[in-house]
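1. Kindly generate the corresponding structure for this input.
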Amino acid sequence: MLKQPTPETAPIVRKRVSDPLQVQVVLIGLMVLFFIGFIFLPLGLVFAQAFQKGLAFYLESITESYAIEAVKLTLTTVAIVVPLNAFFGVTAAWAITKFNFAGKAALKTLLDLPFAVSPVIAGLIFVLLVGSRTPFGGWLGEHGIKIIFSTPGIVIATLFVTFPFVVRELIPLMEAQGRDEEEAALTLGARGWQIFGKITLPNISWGLLYGMILCGARSIGEFGAVSVVSGHIRGQTNTIPLHVEILYSEYNFAASFAVASILVFLALLTVTLKVAMEKQFQKNSFHH
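-> All right, here's what the predicted structure looks like:
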């Protein structure tokens, strides 16, 4: 004879709870309106203004010498800043998550300093530190080293405002993973670089790449700190955002929007890379 289930042994049937249809429609509608008003419409206006004088003028605006130099400088800055911040982010996250030392909490707090300080103030700080009228800046000038109003100053300012992106992606990830695998490898005789290359780095690879993408995106669009330290020298120290500002200030609106469209394309490329990485990560997680 089959035993009848008691309330204690009966399976629990959970009912799926969802918001009323009206609430769903309102929330989805607000989200769509937000995307239209703050993303799609502004992007559409950028391209509409960029092509206002025709395709020939658009191509001329993005291929003239000053625009090309601005693109080169921007990409050069990104190529320098992203690897340096990746190195700093990995080492800082490793130190914070794997070791206990005095001042650890203060160090974690200081990592968010670029988020709290205005980029303009950050640029001004570097001018006051290494400008030509400062003792250290004057000493550098005597030895033929120019920081402010040159490419090194732009790189340093961009480094400061972007360095939290990688480390802030890695710290929660490495804290969640713990130290068990590294400690097990250490007891088996593995050395520090072997542990890092074969255990730590594969475990943080996706977080590292994601942080590098965010760092690159911010480096491309950085304006405030770079504007202070660059000197706005056309063809030499103008990045893409600074070149757009100059064109707009000269009432050359079509050309400014044409160059701004380059930033849009770079932003779309960044988003595409991010989506591709997320899909690949989900695919790998599913297989594992």
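2. Could you find the closest non-adjacent residue to V120?
-> Excluding the flanking residues, the one nearest V120 by Cβ to Cβ, 6 or more residues apart in numbering is G224, at 4.3 Å. C-beta: built from backbone N, CA, C; applies to glycine.
3. Count the neighbours of V259 for me.
-> 25 (other Cβ atoms under 10 Å).
4. Also H143?
-> There are 6 residues near H143, going by other Cβ under 10 Å.
5. Likewise for G123?
-> With other Cβ under 10 Å as criterion, G123 counts 26.
6. That one and F165, how far apart?
-> Applying Cβ to Cβ, to the nearest Å, the value for G123 to F165 is 18 Å.
7. picking that back up, wait, isn't the residue nearest to V120 in contact with L124?
-> No - if you go by Cβ atoms under 8 Å, G224 and L124 don't touch, sitting 9.8 Å apart.
8. what's in contact with the helix or strand hosting Y248?
-> Under the criterion DSSP states H and E, the helix or strand holding Y248 is helix 240-249. Defining contact as Cβ atoms under 8 Å, 6 or more residues apart in numbering, one finds that helix 240-249 is touched by 66-67, 70-71, 74, 220-223, 226-227, 230, 232, 234, 238, 253, 255-256, 259-260, 262-263.
9. which residues of the stretch 1-150 of the chain score low on pLDDT?
-> The model of the stretch 1-150 of the chain has pLDDT under 70 over residues 1-18.
10. quick one: the helices in it?
-> According to DSSP state H, counting those that start in this stretch, the stretch 1-150 of the chain carries its helices in the segments 21-35, 41-50, 55-63, 65-98, 104-110, 113-116, 119-130, 135-142.
11. how about CSV for those helices, with distance to V161 added?
-> Formatted as CSV, the helices of the stretch 1-150 of the chain follow (distance: least, Cβ to Cβ, whole Å):
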stretch, distance to V161
helix 21-35, 27
helix 41-50, 23
helix 55-63, 26
helix 65-98, 9
helix 104-110, 14
helix 113-116, 5
helix 119-130, 5
helix 135-142, 20
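12. Nearest to I156 among those would be which one?
-> Closest approach to I156 among these is made by helix 119-130 (6.1 Å; Cβ to Cβ).
13. between that closest one and helix 135-142, how big is the angle?
-> Helix 119-130 and helix 135-142 are oriented at 70 degrees to each other (axes from the mean of the first three to the mean of the last three Cα atoms, to 10 degrees).
14. which of the residues in helix 119-130 are buried?
-> P119, A122, G123, L124, I125, F126, V127, V130 (16 or more other Cβ atoms under 10 Å).
15. Reformat those residues as a markdown table; add distance to I154.
-> A markdown table is the format used below for these (distance: Cβ to Cβ, whole Å):
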| residue | distance to I154 |
| --- | --- |
| P119 | 12 |
| A122 | 12 |
| G123 | 10 |
| L124 | 15 |
| I125 | 15 |
| F126 | 10 |
| V127 | 12 |
| V130 | 13 |
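16. What are the boundaries of the helices in the stretch 151-288 of the chain?
-> For the stretch 151-288 of the chain, helices defined by DSSP H, counting those that start in this stretch occupy the ranges 151-162, 164-177, 180-187, 192-195, 201-221, 224-230, 240-249, 253-287.
17. Save those helices as JSON lines, and put in distance to G44 too.
-> Putting the helices of the stretch 151-288 of the chain into JSON lines (distance: least, Cβ to Cβ, whole Å) gives the following:
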{"stretch": "helix 151-162", "distance to G44": "29"}
{"stretch": "helix 164-177", "distance to G44": "29"}
{"stretch": "helix 180-187", "distance to G44": "49"}
{"stretch": "helix 192-195", "distance to G44": "51"}
{"stretch": "helix 201-221", "distance to G44": "19"}
{"stretch": "helix 224-230", "distance to G44": "26"}
{"stretch": "helix 240-249", "distance to G44": "18"}
{"stretch": "helix 253-287", "distance to G44": "10"}
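18. Could you give the backbone dihedrals for the residue lying closest to E69 once chain neighbours are set aside?
-> Closest residue in space to E69, ignoring its immediate chain neighbours: G235 at 4.7 Å, by Cβ to Cβ, 6+ apart. Phi and psi for G235, reported as degrees, to the nearest 10, are phi 80, psi 0.
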